[in-house]
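Peer 1: using only what follows, build the 3D model:
(chains A and B)
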Amino acid sequence: DVVMTQSPLSLPVTLGQSASISCRSSQSLVHRDGNTYLNWFQQRPGQSPRRLIYKVSNRDSGVPDRFSGSGSGTDFTLKISRVEAEDVGVYYCMQGTQWPGTFGQGTKVEIK
Amino acid sequence: QLVESGGGLVQPGGSLRLSCAASKFTFSTYWMSWVRQAPGRGLEFVANINPDGSETSYVDSSKGRFTISRDNAKNSLYLQMNSLRVEDTAVYYCARRIMTPLFDPRGQGTLVIVSS
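Peer 2: Numbers count the residues shown, from 1 in each chain, chains lettered A, B, ... in the order given. Alright, predicted model coming up:
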């Protein structure tokens, strides 16, 4: 299985500041169809995961443009600019290129 | 919309059948999957199924014990879980798609507790 490694695992941020989460995969996430199936999810306490970003950098409908995804191959980043209180939660990267899809350990974002 | 049900408390070695009722999208055209989350832990795929139900895949920990199925006429996804183990304790979510999965934003999943 593809191993997804996130860092940091805990991220205290100041309101209004930016935050970045790194995600590395144990092998390239480029699919034979040319797409890279790297997704980012946000999970608030007691809620199901909400997809924020799909295929590296495509923001889902309704997701604030403060969230952006980048990267290629095996290295990916989720950036949250101007962090707001509602951004508190756990963020997961997830690869869907190879079955079984696998998630990172999660990064807990909290407000300082 | 995806609404999971069927969870509960079961003894080790027991069985449960989970259901996922889908609405507001064309269920019969999507790959579907079950994803679980053990208490305080991360997310893990369990199984997936293709749109017409003819192809299924399982992770190693569920092979031979779990069976994923669907009824497109009823817009429903199922997970039959047999020979349950304590380590199967988790919230189980259904998701649309497998490569770029989508969960129900208001979904709570269904909690399975395996304990004696």
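
Peer 1: when you work out contacts or count neighbours from here on, use the C-alpha atoms and nothing else.
Peer 2: Fine.

Peer 1: contacting residues around stretch B:89-98?
Peer 2: Outside stretch B:89-98, the residues that touch it by Cα atoms under 8 Å, 6 or more residues apart in numbering or on different chains are A:48, A:96, A:101, B:2, B:4, B:20, B:30-39, B:48, B:77, B:101-104, B:107-114.

Peer 1: for whichever residue of chain A sits closest to chain B, which non-adjacent residue is closest in space?
Peer 2: Closest residue of chain A to chain B, Cα to the nearest Cα: A:G96 (3.9 Å). For A:G96, the nearest residue in space outside its immediate sequence neighbours is B:M99; the separation is 3.9 Å by Cα to Cα, 6 or more residues apart in numbering or on different chains.

Peer 1: in this structure B:L84 contacts B:V114, no?
Peer 2: Yes: look at B:L84 against B:V114 with Cα atoms under 8 Å: they come within range, at 6.8 Å.

Peer 1: identify the contacts common to the two.
Peer 2: Shared contacts of B:L84 and B:V114 (Cα under 8 Å, 6+ apart): B:11-12.

Peer 1: distance of the residue nearest to A:G96 from A:T74?
Peer 2: Distance of B:M99 to A:T74, given as Cα to Cα, to the nearest Å: 16 Å.

Peer 1: with neighbour numbers in mind, choose between these two.
Peer 2: A side-by-side neighbour count of B:M99 and A:T74, using other Cα atoms under 10 Å in any protein chain shown, places B:M99 first with 21 against 16.

Peer 1: distance check, that one against B:N82.
Peer 2: When Cα to Cα is the yardstick, B:M99 and B:N82 sit 27 Å from each other.

Peer 1: equivalent analysis for B:T110, please.
Peer 2: Following Cα to Cα, the distance that separates B:T110 from B:N82 is 16 Å.

Peer 1: follow-up on the earlier one: name the element the residue nearest to A:G96 belongs to?
Peer 2: Here B:M99, judged by DSSP states H and E, is contained in no helix and no strand.

Peer 1: pretty sure it contacts A:Q95?
Peer 2: Yes: assessed by Cα under 8 Å, B:M99 is found in contact with A:Q95 at 7.3 Å.

Peer 1: list residues touching both of those two?
Peer 2: A:37, A:101.

Peer 1: show me the contacts of stretch B:89-98 that map onto strands.
Peer 2: In strands, judged by DSSP state E, the following of the contacts of stretch B:89-98 are found: B:2, B:4, B:20, B:32-37, B:48, B:77, B:110-114.
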